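S.K.: this is a predicted model, with the sequence first.
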Amino acid sequence: MSKIKQAAVAGFTLVELVIVVLILGILAAIALPKMINMKDEAGAAAVAALAGNVAGASYTNMAAKMVGNPAGVALNSTATCSVAALAPLMNGGIFPAEFSVQAAPGGEDCSKPAVITVNCSFMHVASGKSSTSAITCAR
């Protein structure tokens, strides 16, 4: 008979369930604002990564052009900071659609022989975050 009484008593009381729900609500209230801010941080990190990758690729490309590697791409025009000019440096020749690029304000272009690098401004379209990076000219 005692086993039957124990089975009937097993379970959670209403107070215990309310306390658990309350604790989960407090944790959600603390965590949610932090997660919302992560979206902006992710956009900033994505654009900074792209800018750094393109800068590294442009430097490698310039070295390839200097040693006569036929895979090197010429970066020597006034439109160096454009998707069309930088796409060949990307893996597969495709510039990610969620980013845009333009010349940084007051920047030079690669059409002038004395210019070695130009500053390009990259922007993550969805978040509006931007980053500037030096692109190495290749003649």
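M.R.: Everything's here; your move.

S.K.: any stretches of the chain with poor pLDDT?
M.R.: Across the chain, the stretches falling below the confidence threshold (pLDDT under 70) are 1-9.

S.K.: most centrally placed residue in it?
M.R.: Residue closest to the mean C-alpha point of the chain, counted by CA atoms, centre = their mean, is Ala46 at 0.6 Å.

S.K.: and it, what helix or strand is that in?
M.R.: helix 14-66 (DSSP states H and E).

S.K.: and that helix, what does it pack onto?
M.R.: The criterion is 3 or more CB pairs under 8 Å, 6 or more residues apart in numbering; DSSP states H and E, and the helices and strands that helix 14-66 contacts are strand 99-103, strand 117-124, strand 130-136. For glycine as for every other residue, the C-beta is placed from the backbone atoms N, C-alpha and C.

S.K.: for the residue nearest to the centre of the chain, give its distance to Ser130.
M.R.: Using CB to CB, to the nearest Å, we find Ala46 at a distance of 11 Å from Ser130.

S.K.: any common contacting residues for those two?
M.R.: Taking CB atoms under 8 Å, 6 or more residues apart in numbering as the contact criterion, the common neighbours of Ala46 and Ser130 are His124.

S.K.: format the helices and strands packed on helix 14-66 as CSV; extra columns: distance to Lys65 and mean neighbour count.
M.R.: Formatted as CSV, the entries for the helices and strands packed on helix 14-66 read as follows, by distance: least, CB to CB, whole Å; neighbours: other CB atoms under 10 Å:
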stretch, distance to Lys65, mean neighbour count
strand 99-103, 20, 18
strand 117-124, 14, 21
strand 130-136, 10, 20
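
S.K.: relative to Asn69, which of the ones you listed is closest?
M.R.: If you check each of these against Asn69 by CB to CB, strand 130-136 wins as the nearest, at 14.8 Å.

S.K.: CA atoms only: put the closest one into CSV for me.
M.R.: Listed in CSV are the C-alpha atoms of strand 130-136, where the atom choice follows Å, rounded to 0.1, in the frame of the first residue of the first chain:
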residue,chain,number,x,y,z
SER,A,130,32.2,49.2,-43.0
SER,A,131,35.9,48.7,-42.9
THR,A,132,38.8,50.3,-44.9
SER,A,133,41.7,48.3,-46.2
ALA,A,134,44.8,49.1,-48.3
ILE,A,135,44.8,47.3,-51.7
THR,A,136,48.2,46.8,-53.3
